[in-house]
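1. the sequence and its predicted three-dimensional model are supplied below.
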Protein chains: 4
Amino acid sequence: MGDTVKVGIAGLGRMGRRHAENLAFRVRGVDLVAACSPLADELEWARTSLGAPRLHHDYADLLADRDVEAIFLVTPSALHPAQIIAALRAGKHVFCEKPLSLVQEECAAVEAEAARHPGLRVMIGFVRRFDASYQAAQQRIADGAIGQPFLVRSETCDQNDPSGFFVRFAPTSGGIFVDMSVHDIDVARWLLGSPRAIRVFATGTVAVHEGLTACGDVDNGVAICEFADGKMACFYASRTMAHGHETVTEIVGTGGRLTVGRDGRADAVEIADAHGIRTLTTPTFYERFADAFCREDAYFIDCVRHGVAPALTLADATEATRIASALRRSLDARRPVDL
Amino acid sequence: MGDTVKVGIAGLGRMGRRHAENLAFRVRGVDLVAACSPLADELEWARTSLGAPRLHHDYADLLADRDVEAIFLVTPSALHPAQIIAALRAGKHVFCEKPLSLVQEECAAVEAEAARHPGLRVMIGFVRRFDASYQAAQQRIADGAIGQPFLVRSETCDQNDPSGFFVRFAPTSGGIFVDMSVHDIDVARWLLGSPRAIRVFATGTVAVHEGLTACGDVDNGVAICEFADGKMACFYASRTMAHGHETVTEIVGTGGRLTVGRDGRADAVEIADAHGIRTLTTPTFYERFADAFCREDAYFIDCVRHGVAPALTLADATEATRIASALRRSLDARRPVDL
Amino acid sequence: MGDTVKVGIAGLGRMGRRHAENLAFRVRGVDLVAACSPLADELEWARTSLGAPRLHHDYADLLADRDVEAIFLVTPSALHPAQIIAALRAGKHVFCEKPLSLVQEECAAVEAEAARHPGLRVMIGFVRRFDASYQAAQQRIADGAIGQPFLVRSETCDQNDPSGFFVRFAPTSGGIFVDMSVHDIDVARWLLGSPRAIRVFATGTVAVHEGLTACGDVDNGVAICEFADGKMACFYASRTMAHGHETVTEIVGTGGRLTVGRDGRADAVEIADAHGIRTLTTPTFYERFADAFCREDAYFIDCVRHGVAPALTLADATEATRIASALRRSLDARRPVDL
Amino acid sequence: MGDTVKVGIAGLGRMGRRHAENLAFRVRGVDLVAACSPLADELEWARTSLGAPRLHHDYADLLADRDVEAIFLVTPSALHPAQIIAALRAGKHVFCEKPLSLVQEECAAVEAEAARHPGLRVMIGFVRRFDASYQAAQQRIADGAIGQPFLVRSETCDQNDPSGFFVRFAPTSGGIFVDMSVHDIDVARWLLGSPRAIRVFATGTVAVHEGLTACGDVDNGVAICEFADGKMACFYASRTMAHGHETVTEIVGTGGRLTVGRDGRADAVEIADAHGIRTLTTPTFYERFADAFCREDAYFIDCVRHGVAPALTLADATEATRIASALRRSLDARRPVDL
């Protein structure tokens, strides 16, 4: 393989466009040569905004594009497993947005297929692993700064969308823990040294969006995950915050505690006015992690260029789905689920 | 009853001395006329530090002191129920440090006795209800500032005592949730509008103090409590913090979130030096709540003086013990406990 | 002198009432036996709120009260020098609210009179020296935590009063630097080791309250003060803040920096809502320093009881007036003033 | 002019390399075609790190390079005026790192020359104008969020370099105000609506680096600048901070206050350990402004591509030098300087 990786992207929705722009303009060592979407307006956006990639309506055509070495999948979660497998069979490296799958069994199928293609790189986009602050925390832990880490408390809180737009997608999102907490689950495992989960308990409530009740989902969920060796994690996911998006992770060790992302400041500006002394918060996760998305794409491209297996493995992604699915079942039953 | 309440205090250990000093020097409308302890050095301290209260070795003698109108109990938790009941039968008002009891059944007995003495005031010392910041939060919630509150996340974290002194008391402390989280439980109920608990789940780990294993206790515990009407609470208790004591409570509502006590600053000094930009933390809960202890004592004295029933009821204290005990059982079984 | 100091207070306006309440109810070792005011409603307040002190219309009568050992002066600044001198001649200890005087010459007269009464204690109320956070900062500096301190940057910012009520008092207040910055001046000297001022420069602007122009005052003033040995201070005083009162002091040393009071939080509550993440600020200096006022009163009473000269001397108060007056002259001339 | 601007860079020291990397890899619409340095190792770095630009030892050769449309000057400050003029005469657009000059007269010469080449773009790199947080502050001010801004307090504080390396450059740096505060000066003017300075006063001290005394410079300087219409600015520059670099700017208006950059956090990680609760600080200005440098370069390239005059003008740069030079003179004389 030459110095530059030729990439085709599938899915040009909100997140797809961001990956596409990163690949087109911000990441070194990559050529975005093709883009694929079933939607005409998404392809039109690609045509005008990304230079001149080849455009495909069908994913099969993208895979048939011989010039494409690596696929970026930013498609609906339910499609991920089959699309990853198809790409591998077409001889392409695959970057896929999280989650690997909503269903644990499909994870195994993807892992098995990937094992048949040891020369192809596959990575699921757990973007927090590429955030400078999370990386600094991980490095400090590795350096022993907080002794032995044993507890992670992590939350993902989205600003409330009064329109309740997301309620429509609730039936296929996998539920709040699979959709949102999967990031916290992966971060917890990463920062605690990849322990094995043994038991989870979850509950939640519909505080605002009554429409979720019909599909058994909640807009605020809390959970506990027990790992082997006495390690633990607590998760909180909310879709109803008034002030903006906030992603916060606390790691408690025997010698100290690290907290990443407390307050989710939009910028370094502090306002003192009739509302007190205040900071504004990023409206969505994207402003918080924009730089990390770019670093994530660059990392995967570098892995492909240099023939190196990503440190973030499919097994990690499988474990995150396994735990998130168990949380969903615990929420349904209001009983702990042993793993 | 005259303008001034005549008080006798039982128990002159660390916390007892603080209540005694508040009553002697900082609270209006009270005369500390008697002090009781089985320990000679504690009585000696009372003699030299509190003016000249009458001194008693035996609690029975304190109760027989006709001049005493109200008893302050700052004795070991296991003695609380019997001592409260005895004081009521002796016709005394009673303030008792938390918890009401380690055992739910004893709570009922106290409540029943108190019901027989409607003219006597009884209050258990859940000090956070008297902290200016918690009160400001409660007032804001009552004013509708965060819409309908539905989730409390509350933690009590003590600075690690490397000597592990407290391990000796673990067998009789009731365990980490009864000893520490009972405050968080009471605060959660107070701020959520006194909902009824329906299910709890708890787990924990021994991160530092192996000696706790023998009595089934942990030095870091996490828990979830479900209330009726979809309200929830998450608790975290730790005895192993490196930086000091921290009591933090988050209240999430449909229209906003309040956080009380984040960072537990020792004072308003910020230090910028080779360790970064930093603040020091209060070493123990006492520095954090010193003013609240004083306001708590004053509130109870005012209730007695004006013949008003305390807003913080015995039923509140019973419910806190009921939930804390259930958390202990859940920790033992690693299974949810229905209430 | 016995164990308890008998005090008479003169002046029962806003601050006078607070000192009176401290002396009546919060400070040990003191009896508030007399109160003096030319205003009937102030005396009526004293009669109903302070127990039953003797009441005097005339300051001369207060001084003639043989039972009074110490005078607390909380009267208009212009009266301070003559009233202190009269009290000393009447054989009374004197606590006087800041400033000692608006005029440097009068300071000297007070110092001379005080020197004639070595057995009487005199102290001017620079309240920040009694604030727990300022004291912690001072102790850290004394412990060498920031090396050699060489720069203080200190600001006193009041919340804007849209009514401009204070404009009426501007002609007799001494101007913004004498009225407000005198606290910052004293703190700077205290924290820098009491250096001698050699030059000041000040300027300012009328940002909101045009009425100040007539008397040459400003509502926002900035200043630089040079001390001997290369030490420096910068001051900022404002009467027009939107968010509340804020008193902030930075001390920069060769080995670190301390900051006292950044953000002036009203309490430990953080609010996350549609306005972002925010804290409320104390509305006035009094909420910020309520505890310090009490400690200040207690300190002076202890000095009287134990016959100890206050560490905060009249010379300190004179130097603060000397510097503040020079700042006023510099503001008038827009030229530096050498001292 | 085509879609892409062909750039040559002069100066490949620390900052030069950063601009070069931005131009080579991070900015769209630009080709870095040439690099110039008198130093062999800098050219070698360019050869291996920037792809394959043409390399020049002499600035004259760079100007003679017909392919080059725009020059980026990251050379010693004293060379800026002559090099800008030469580039303009060679028909090149010019981006030049701050300051325009150490000497006000040279600024005029550059402005005059630029006026003769209306088709060429010239911009001085006041990087803070391109920082997202400063831009957010500026936008909020423009939106009226703080009423009428009238005071800027701005500081630039560098972490102490115990080796005192910079002392060697003190004789040619222009002094602390020209070297460091020129950024604060420009920001103050920008945020206050470009007012005209009428008077400055400055002082300073040598707190750590005695070697500065020989050339009349200081390692900590404070200053006041008065503008027309009652606007004011206060500056603080330090080379001796223990905790890292910190750039902070407060803008006070009649309706509120904005603060940019308080605490200069290195990342979103908070550490709670034996040193308290703390955050680390960026070690140098570069980490703080890395993104702004990239946006600055991109802005200038866009101005060239689209034939638009930069909003940041040579007159702005001249005014910053004029004020900074006056501060230097005031520091020398310890007297105000009228402008």
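-> Now that the structure is in, tell me what you want to look at.
2. where do the strands sit along the stretch 101-250 of chain A?
-> Secondary structure of the stretch 101-250 of chain A (DSSP state E, counting those that start in this stretch): strands located at A:122-125, A:149-159, A:197-205, A:220-227, A:232-241, A:246-253.
3. and D:E246, which of these is closest to it?
-> With CB to CB as the measure, strand A:246-253 is the member of these nearest D:E246 (24.4 Å). Where you see a C-beta, it was placed from the backbone N, CA and C, and this is true even at glycine.
4. what segments of the stretch 51-200 of chain A are helices?
-> Assigned helices in the stretch 51-200 of chain A, in chain order: A:59-64, A:80-89, A:104-115, A:132-142, A:170-173, A:176, A:182-191 (criterion: DSSP state H, counting those that start in this stretch).
5. name the SS class of the closest residue to A:A20 other than its chain neighbours, please.
-> Spatial nearest neighbour of A:A20, excluding adjacent residues (CB to CB, 6 or more residues apart in numbering or on different chains): A:I9 at 5.2 Å. Secondary structure assignment for A:I9 (DSSP: H, G, I helix; E, B strand; the rest coil): strand.
6. show the contacting residues for A:I9.
-> Going by CB atoms under 8 Å, 6 or more residues apart in numbering or on different chains, A:I9 touches A:16, A:19-20, A:23, A:32, A:34-36, A:71-72, A:74.
7. give me that answer again for 6 Å
-> A:20, A:35, A:72 (CB atoms under 6 Å, 6 or more residues apart in numbering or on different chains).
8. can you check A:V152 too?
-> When contacts are counted by CB under 6 Å, 6+ apart, A:V152 touches A:188, A:191-192, A:233, A:251.
9. repeat that with 8 Å
-> By CB under 8 Å, 6+ apart, the contact set of A:V152 is A:184, A:187-188, A:191-192, A:232-234, A:249-252.
10. export the lowest-mean-pLDDT helix or strand in chain A as PDB, just CAs?
-> Within chain A, no helix or strand scores below helix A:170-173, which has a mean of 86 by mean pLDDT, DSSP states H and E. Output of helix A:170-173 as PDB, limited to C-alpha atoms (Å, rounded to 0.1, in the frame of the first residue of the first chain):
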ATOM      1  CA  ALA A 170     -36.400   5.100  20.000                       C
ATOM      2  CA  PRO A 171     -37.800   1.800  18.800                       C
ATOM      3  CA  THR A 172     -34.600   1.200  16.700                       C
ATOM      4  CA  SER A 173     -32.000   2.900  18.800                       C
END
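11. what comes up buried for that helix?
-> Of all the residues in helix A:170-173, those buried under the rule 16 or more other CB atoms under 10 Å in any protein chain shown are A:170, A:173.
12. how far is it from where the chain is centred?
-> Its chain's average C-alpha position is 17 Å from that of helix A:170-173, according to CA atoms, centre = their mean, to the nearest Å.
13. so after it, what's the next helix or strand?
-> As assigned by DSSP states H and E, the chain's next helix or strand after helix A:170-173 is helix A:176.
14. residues contacting that next one, please?
-> Residues contacting helix A:176 (CB under 8 Å, 6+ apart): A:204, A:217-221, A:237, A:239.
15. which one of those residues sits closest to C:R121?
-> Set against C:R121, the nearest of the contacts of helix A:176 by CB to CB is A:N220 (60.8 Å).
16. domains of chain A?
-> A:5-127, A:129-291+A:320-338 (automatic domain parsing).
17. highest mean neighbour count out of those domains?
-> Greatest average neighbour count among the domains of chain A goes to domain A:129-291+A:320-338 (a mean of 21), per mean count of other CB atoms under 10 Å in any protein chain shown.
18. who are the contact partners of the residue of chain A found nearest chain C?
-> Using CB to the nearest CB, A:R278 is the residue of chain A that sits closest to chain C, at 3.2 Å. Each residue near A:R278 by CB under 8 Å, 6+ apart is listed here: A:270-272, C:275-279.
19. restricted to strands, list those.
-> Among these, the ones falling in strands (DSSP state E) are A:270-272, C:276-279.
20. quick check: the farthest pair among those residues?
-> Across the ones in strands among the contacts of A:R278, the two lying at the largest distance from each other (CB to CB) are A:A272 and C:I277, at 13.4 Å.
21. who does the nearest residue to A:L151 once chain neighbours are set aside form a beta bridge with?
-> Using CB to CB, 6+ apart and skipping residues adjacent in sequence, the residue nearest A:L151 is A:V252, 4.2 Å away. Beta bridges link A:V252 to A:L151, A:R257 when assigned by DSSP bridges.
22. again, but for A:I271
-> Bridge pairing for A:I271 - DSSP bridges - gives A:R278, D:L258.
23. now it: how far from C:M15?
-> Computed as CB to CB, to the nearest Å, the A:I271 to C:M15 distance reads 31 Å.
24. also A:Y236?
-> Counting by CB to CB, the gap from A:Y236 to C:M15 is 47 Å.
25. residues contacting A:T247?
-> A:128, A:155-157, A:183, A:261, A:264, A:285, A:288-289.
26. do that again at 7 Å, thanks
-> A:156, A:261, A:264, A:285, A:288 (CB atoms under 7 Å, 6 or more residues apart in numbering or on different chains).
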